[in-house]
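K.L.:
sequence and predicted structure below; questions after.
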Amino acid sequence: MSIVVEVVVALGAVFVVFIHFLHVLVLRPKSLRAKLHRQGIHGPSPHFYSGNIPQIKNLLLQQQQQQDEHVPVSVSISHSWTSNLFPHIHKWRNQYGPIYLFSSGSIQWLMVAEMVMVKEILLNTSLNLGKPSYLSKDMGPLLGQGILSSSGPTWAHQRKIIAPELYLDKVKAMVDQIVDSTNIMLRSWESRIERDGVVSEIKIDEDLRSLSADIISRACFGSNYAPGKEIFTKLRDLQKLLSKISVGVPGLRYFPNKRNRQIWRLEKEINSNISKLVIQRQDEGHEQDLLQTILEGAKNCDGLLSNSISRDRFIIDNCKNIFFAGHETTAITASWCLMLLAAYQDWQDRARAEVLEVCGNGNLDASMLRSMKTLTTVIQETLRLYPPAAFVVRTAFQDININGIKVPKGMNIQIPISILQQDIDLWGPDAYKFNPDRFANGVLGACKIPQAYMPFGIGARVCAGQHFAMIELKVVLSLILSNFRFSLSSSYCHSPAFRLVIEPGQGVVLNMTRI
Ligand code: HEM
């Protein structure tokens, strides 16, 4: 009798799992797609389990092979890299128009590369559009339910607590700290140049990542920044492991294979290290850094937040979110900027002349940064051609009408920042050229539709750390420019790569001399 019961229970469990997968992989996707097909929106046919991922991988492989055959070995710097990294978007946009459907496993996407609709989506202030749930599920070990991945009232509450701390006034006070951190890196470059003679070949990426981790650790953890930086090193390893997992394919993160075991171990260690810092902080009293802001915000969690996330999750996840959002993005932008300034010596000279004029022989301070107009346009143009975040994503939490299209509840939306920022119709025939002058009169003068410039996103969920990032970039770049002259090394290979962010695939190698 008991065996019969066990068999019935087991069959029941199998049936429930089967129904769940049937719903997630077949019925729900079919129904979502059908609702958009009826409105004339189409796309490539997906496989029921892996969606269009195999087609995407094939197109990437073909693109890679073509490149290997045709591109001369000599260094060539073309800024029109999006067709190499996202050949599927170019192909399907030509085939199905700027608004089309595709699927990555269980996730159904509406690709939107049409500005009227993009504006309506990003400027929409209702809480019916939010972040897709795969961010907190597949990217859970990294993002959890923090500000980056949450939606609705939970997000609104977190934004209110965290964002003001990242705004301009607070960051201004940090300029001295950013200068101190940068000077440590510059002294190490100087010693290398002295050791090598006059010129040193320096691969800058790791140094800039370490610098950026140092800066964000100080902002986040104040004088506890050394253990904070250790946490960030582990988070970087976690990010690397997670970037290899295809999001949306059910179950991939739960197989007990070597990679997943590493992910689980790192997640546990990071969470417990942050908790230790928090406990230490409660014993020791406090300073007004970002962790303190998050801790004080957590005290007021009882209302809105506690229904959806616990106090501990709020603290841990948001520390991880700040790292993820602010560390890699800023370091990579600095790498791209230096690569471009090395490739375009006239711009390097112009930017350096401005920095020297603004700073004179004195120390850099916050008030000087506003006068660095040329450097600002160089950073803006870098972020246009090489935005670290390639896409902005949203999910419809309710059926929602966007510019006449009824987007059904559960549909995800992807907006290709990098492709819109290089669109000839929006930016003119020199869209693929490096021309910081286009920003001489601000974003309004640079593009037919200014909202098409969105390296930091636009609207309610615009990057909370954009001022922080711009200040950090200006300080770091102006200190480098005023201390060194640099050109691209012959070993530099221009190969933008997409690994959660758009980064120099083989790093940036510069020949550096002291001024
Ligand atoms: C060049 C550097 C950076 C770039 C290109 C960048 C870009 C972005 C983008 C595209 C978004 C998503 C916007 C959206 O979904 O609509 C975002 C969100 C965010 N970023 Fe940044 N970011 C940078 C630096 C930073 C820094 C330094 C910090 C913190 C210190 C930061 C904190 C955040 C936060 C907290 C959010 C979430 C905002 C929300 O959802 O309300 N970012 N960023």
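P.N.:
Cool, got the structure.
K.L.:
looking at it, Arg259 is touching Leu241, isn't it?
P.N.:
Yes. At 5.8 Å, Arg259 counts as touching Leu241 under the criterion of C-beta atoms under 8 Å. All C-beta spots, glycine's among them, are computed from the backbone N, C-alpha and C.
K.L.:
these two: which is more packed in?
P.N.:
Neighbour count, other C-beta atoms under 10 Å: between Arg259 and Leu241, Leu241 has more, with 17 against 14.
K.L.:
surely the more buried one and Arg261 touch.
P.N.:
No. Contact criterion C-beta under 8 Å: Leu241 and Arg261 do not qualify, at 10.2 Å.
K.L.:
measure Lys474 to Thr182 for me?
P.N.:
Per C-beta to C-beta, to the nearest Å, Lys474 is found 11 Å from Thr182.
K.L.:
and the residue lying closest to Ile322 once chain neighbours are set aside, what does it touch?
P.N.:
Sequence neighbours aside, Cys220 is the residue nearest to Ile322 in space, at 5.7 Å (criterion: C-beta to C-beta, 6 or more residues apart in numbering). By C-beta atoms under 8 Å, 6 or more residues apart in numbering, the residues touching Cys220 are 228, 289-291, 319, 322-323.
K.L.:
and the longest helix for the protein?
P.N.:
Longest helix of the chain, by residue count under DSSP state H: helix 258-284.
K.L.:
next, the residue of the stretch 151-300 of the chain found nearest the ligand: secondary structure please.
P.N.:
Distance from the ligand to each residue of the stretch 151-300 of the chain (C-beta to the nearest ligand atom) is smallest for Arg159, at 4.6 Å. Put simply, Arg159 is helix when judged by DSSP: H, G, I helix; E, B strand; the rest coil.
K.L.:
how close does it sit to Asp317?
P.N.:
14 Å.
K.L.:
quick revisit: list residues touching both of Lys474 and Thr182?
P.N.:
By C-beta under 8 Å, 6+ apart, no residue touches both Lys474 and Thr182.
K.L.:
related to what we said a few turns ago, more neighbours, Arg159 and Asp317?
P.N.:
Ranked by neighbour count (other C-beta under 10 Å), Arg159 and Asp317 place Asp317 first, with 26 against 15.
K.L.:
helices along the stretch 301-450 of the chain, start to end?
P.N.:
Listed in chain order, the helices found in the stretch 301-450 of the chain under DSSP state H, counting those that start in this stretch are 311-326, 328-343, 345-359, 366-369, 373-385, 417-420, 424-427, 442-446.
K.L.:
so which of the ones you listed is nearest Lys234?
P.N.:
helix 311-326 (10.0 Å; C-beta to C-beta).
K.L.:
quick one: work out the angle between that closest one and helix 258-284.
P.N.:
Orientation of helix 311-326 against helix 258-284 (axes from the mean of the first three to the mean of the last three C-alpha atoms, to 10 degrees) gives an angle of 110 degrees.
K.L.:
which helices and strands sit right next to whichever helix or strand comes after the longest helix of the chain?
P.N.:
Next along the chain after helix 258-284, taking DSSP states H and E as the criterion, comes helix 290-299. When contacts are defined as 3 or more C-beta pairs under 8 Å, 6 or more residues apart in numbering; DSSP states H and E, helix 290-299 sits against helix 152-166, helix 205-221, helix 258-284, helix 311-326.
K.L.:
buried sites along helix 290-299?
P.N.:
Buried residues in helix 290-299, counted by 16 or more other C-beta atoms under 10 Å: 290-295, 297-298.
K.L.:
ok, and of these, which contact the ligand?
P.N.:
Counting by C-beta under 6 Å from any ligand atom, the subset of those that neighbours the ligand is empty.
K.L.:
need those residues in TSV (columns: distance to Pro504).
P.N.:
Formatted as TSV, the buried residues of helix 290-299 follow (distance: C-beta to C-beta, whole Å):
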residue	distance to Pro504
Leu290	28
Leu291	31
Gln292	35
Thr293	33
Ile294	32
Leu295	37
Gly297	36
Ala298	38
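K.L.:
from those, which two are the most distant?
P.N.:
Leu290 and Ala298 (12.5 Å).
K.L.:
flag every residue of the stretch 301-450 of the chain that's near the ligand.
P.N.:
Contact residues (C-beta under 6 Å from any ligand atom) of the stretch 301-450 of the chain with the ligand: 322, 325-326, 329-330, 333, 388-389, 392.
K.L.:
could you identify the buried members of these?
P.N.:
Neighbour-count burial (16+ other C-beta under 10 Å) applied to these gives 322, 325-326, 329-330, 333, 388-389, 392.
K.L.:
output these as JSON lines; include the columns pLDDT.
P.N.:
JSON lines is the format used below for these (pLDDT from 0 to 100):
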{"residue": "Ile322", "pLDDT": "88"}
{"residue": "Ala325", "pLDDT": "89"}
{"residue": "Gly326", "pLDDT": "87"}
{"residue": "Thr329", "pLDDT": "95"}
{"residue": "Thr330", "pLDDT": "96"}
{"residue": "Thr333", "pLDDT": "98"}
{"residue": "Pro388", "pLDDT": "96"}
{"residue": "Ala389", "pLDDT": "95"}
{"residue": "Val392", "pLDDT": "97"}
